[in-house]
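Asks: build me a model from this:
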Amino acid sequence: MPLPFESIIPFAIISGMFVATSIGIRYSHDKRNEGKAIRYSLDDWDRKMMSRDKQLTGTLRGQVDNPVAPPEFKTNSAWKVYDSLRNDFA
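Replies: So this is what the prediction gives:
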């Protein structure tokens, strides 16, 4: 049974939109995760390590192998801001 040629154009448009959408979603996931796999089931330890990585490297997914933290690591903690805000309102 032949396929009518009138249905090929809408089918190609719909298929093209599915492909374009999936490529766009994949691209946005890759950019957000810096090309690494998506993290699922994050617990407190993972979130704390991600905040540590953000302080050390500037990105949530960046990691360094330097065992000594840079000097800026001592002063860029959110806890210092939290303590000062807590003391102001106490």
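Asks: which pLDDT value goes with K48?
Replies: In this model, K48 is scored at 85, pLDDT.
Asks: again, but for L3
Replies: pLDDT, L3: 72.
Asks: what's the neighbour count on it?
Replies: L3 sits with 8 neighbouring residues when counted by other CB atoms under 10 Å. No exception for glycine: its C-beta is placed from N, CA and C like everyone else's.
Asks: now do D30
Replies: Going by other CB under 10 Å, the residues that sit close to D30 add up to 13.
Asks: give me the secondary structure label for it.
Replies: The local conformation at D30, judged by DSSP: H, G, I helix; E, B strand; the rest coil, is helix.
Asks: go on, R61?
Replies: Assigned by three-state DSSP, the conformation of R61 is coil.
Asks: hang on, isn't it packed against M49?
Replies: No. In this structure, R61 is not within contact of M49 by CB atoms under 8 Å, at 10.8 Å.
Asks: residue contacts, the closest residue to K54 other than its chain neighbours?
Replies: In space, K54 comes closest to L60 once its chain neighbours are excluded; the distance is 5.2 Å by CB to CB, 6 or more residues apart in numbering. L60 makes contact with M50, D53, K54 under the criterion CB atoms under 8 Å, 6 or more residues apart in numbering.
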